Each structure stands twice: as C-alpha cells, then as structure tokens.
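Visitor: just the structure for this:
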Amino acid sequence: MPRAIVFKGDETWELREVPKPRLRPGCAVLRVEAVGICHSDVDQFRGHAPVPSGGVFPTVPGHEIVGRIEEISPEAREAFGVGEGDRVGVRSTVVGPDGRRVYGFDFPLGEASGLFGGYADYMELVPGSEVHRLRDDLPATELTIYESLTNAITWIRPVRPGQTLVVQGPGHMGLAAIVAARAAGAGTIVVAGLAGDRLRLDTALTAGADHAVDVENEDVVARVAEITGGAMADVVLDAASGSPVTLLTALDIARTGGTIVAAGMKDRLLDGFDVSRIPLRHLTIAPGGGLDLAGACTMINDGKVPTGLLHGASFPLERFEDALALADRRVPGHDAVRVSLRVA
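Guide: Take a look at the predicted model:
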C-alpha cells in the first residue's frame, strides 16, 4: 500500500497507508522518487507554514519533488509537455484561476486524494502545474537541488558579469545561488556564515565562492572592504534564515548605489532598521522572489551544477524524524549542506 507522511500542524506527524490516486481529467499521477527538506518544512512542521496563505493542516508536505510520470491525461500531456515514464522536477507553485497555491502547503487532505506533496509514494499534479524533464543518469536525491536553483537563478539576476556578490547564509539556498552566480559570470563571490557553518563555508568554496568569512570570528564588513579594495559589494544576497540582523549587515556591506536582495525568511521583526539609509546611499532593495524551473533543470541537465557536492545527506521516507533533526541542525556533531528523503 502506498505511504504518505502527514503534518498535523502541532509538531506531530504520521506515516499513513493511502490509496494510489486515480487519474482525473487534466491531471497526472507522479511516482515520487525523492524530495528535499528545507527550512520552510521545519517551520511548517512546527505549525508556521511560510507561504502567503499560511498553509493548511493536516496536509502532506514536500515541495522539492523529483519523480516519474506514471499516468497522465491527454489534457495534462499537452499542457505539461511530458509523457508517461518521464523523470521530472515539479514547480512548487500551481497557478490557477483562483490564484497561486503551493504544493506541500496549500492542499488539504480532504481534497481529492489529498496527495499533493512530495512526502509520499505518489502525488497528483493538477492543472496549472509546471514540470520539466530531468536527466536519468543521476540519483533522484541529487536532482532535488533543482528546486533551490529555481529560486537562486532569479535571486542573482541583479548581478552583472564581473561584479562582486556577497552571499549571507551558506545553506542549500545560498550554495545554489553561488553556483548560479558563477555560471552567470559574477566576478568575486564572498560567502558569509557562522562558526558552526564550517562545512557549508568549505562547500561554498568548492562550489564557486572565492572567499568564505566566519562572521563570529572575523569582521565581515572589514573583510569585504579588504577583498574589494574598499569598493564594497555590488550586490548582497541575504539568504540567511532566522535572525533578521543580517539585513542590517547587508546595509554595511553594500556599496553606495548597490543592491540588496532580501531572500531569507526571518523569524521575527527587525529592530534598529534605519530606513533613511536606503535613499541616502541610493540602495535598491530587491525581493528574493521568482521561480525559473526550466532554467534550473536545464543547468542540471547540461552538467553545470555539482549535484553530488550539494547533495548532502539522504534518508528513507520512514526515517523522516532523523532527516528532520539533521535538517533542523539538532544532531550534535553532525551537519549536512542539504537533506533529502529517498521515496522510491
């Protein structure tokens, strides 16, 4: 019997046996191979879904989904441009007549099969979805990095060839942004993180960063000034989740006339934010929003992404609790640049 993990919204979960979804008009049935876990999943587990709607509970989570098309209706075949047996990455958002919904967050268990997230053996793909073919010669867990890239490609668009980029936060989103920026021709890339991010900072250097700064043991503003000869950063990408203090640091790191991309989701409001610094220094504050599924999957298919390096750790579906603990950095002495679940 197929399985699905259900989040209840109160830091509890359940592994259930569920029927395979039946094929509905305009839809497809996906056999899930792997799904990535990101910090938004951790927040969702705690009952705080970081999506515009606020999410629904109970629900089947998971939005970084790689799988194979098992069944597809004629309408979906035409709309999605794929057929049965194709391995695909799934865009997290569904665009419908009533607005946008996010797989893994916005679909309740009571709707149709209830299988609209990647923490399950099967899921439904509904009208308004977008999928893109992925290569067959790599493990599905490695390919789940595509979802981070769909965001990262859009985040680094303000970076012009040859410019200096500072990435705050060496998590899997920050690492994806470094790969995307290097491919786009960025000049100097600096990544900044905490002392506990040593594995991630080292991985960032291998993935394409030129310098890594431990902000707990180094003055990051002074280091960026040293690296740039006083010119400071053309673009600062705040990809750090949790504390909003990184945005204040970004104001110090960016050059006059530079751009700050606010991307990392914060867990509280920001005190001490002097808004006047933005017009006085002619800074542009850009949102870290947007998805480029085709661009991300094409980069992977063309061999431009070190998927093995960015893969991190993977666990079978039934070991979800171990996977979540590692993703939430609650395992003493252990870290991973990324965590995913092996489903098939």
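
Visitor: following element in sequence after the top helix by length along the chain, please.
Guide: Ordering each helix of the chain by length in residues (DSSP state H) puts helix 172-183 first. Once helix 172-183 ends, the next helix or strand along the chain (criterion: DSSP states H and E) is strand 189-193.

Visitor: ok and that following strand relative to helix 172-183, angle-wise?
Guide: Relative orientation of strand 189-193 versus helix 172-183 (axes from the mean of the first three to the mean of the last three CA atoms, to 10 degrees): 170 degrees.

Visitor: quick one: strands adjacent to strand 189-193?
Guide: strand 165-168 (parallel), strand 211-214 (parallel) (DSSP bridges).

Visitor: now tell me what touches the longest helix of the chain from outside.
Guide: 36, 38, 145, 148-149, 151-153, 155-156, 159, 165, 167-168, 189, 191, 193, 200, 203-204, 207-209, 237, 239-240, 263-264, 299, 304-306, 310, 312, 337-338 (CB atoms under 8 Å, 6 or more residues apart in numbering). Using the backbone N, CA and C atoms, a C-beta is placed for each residue, glycine as well.

Visitor: list the contacts of Ile227.
Guide: Ile227 touches Thr164, Thr188, Val190, Asp210, His211, counting by CB under 8 Å, 6+ apart.

Visitor: specify which member of the residues you listed is nearest to Ser53.
Guide: Val190 (35.7 Å; CB to CB).

Visitor: residues contacting the closest one?
Guide: 164-167, 209-213, 223-224, 227, 233.

Visitor: just the strands from the stretch 101-250 of the chain, written as ranges.
Guide: In the stretch 101-250 of the chain, the strands defined using DSSP state E, counting those that start in this stretch lie at 122-125, 131-133, 165-168, 189-193, 211-214, 233-238.

Visitor: re the thing from before, dump the contacts of Ile227 to JSON lines, plus distance to Arg319 and pLDDT.
Guide: Below are these laid out as JSON lines (distance: CB to CB, whole Å; pLDDT from 0 to 100):
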{"residue": "Thr164", "distance to Arg319": "41", "pLDDT": "98"}
{"residue": "Thr188", "distance to Arg319": "40", "pLDDT": "98"}
{"residue": "Val190", "distance to Arg319": "36", "pLDDT": "98"}
{"residue": "Asp210", "distance to Arg319": "37", "pLDDT": "98"}
{"residue": "His211", "distance to Arg319": "36", "pLDDT": "98"}
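
Visitor: pick the one among the residues you listed closest to Gly9.
Guide: Using CB to CB, these come closest to Gly9 at Val190, 38.8 Å.

Visitor: need the helices for the stretch 151-300 of the chain, in chain order.
Guide: 172-183, 198-207, 220-228, 245-253, 277-280, 293-301 (DSSP state H, counting those that start in this stretch).

Visitor: packed most tightly, which of the ones you listed would that be?
Guide: helix 172-183 (a mean of 27; mean count of other CB atoms under 10 Å).

Visitor: what mean pLDDT does it get?
Guide: What helix 172-183 shows for mean pLDDT is 97.

Visitor: next, the angle helix 198-207 makes with it.
Guide: 20 degrees.

Visitor: so helix 172-183 versus strand 233-238, what angle?
Guide: Using the same axes, to 10 degrees, helix 172-183 lies at 150 degrees relative to strand 233-238.
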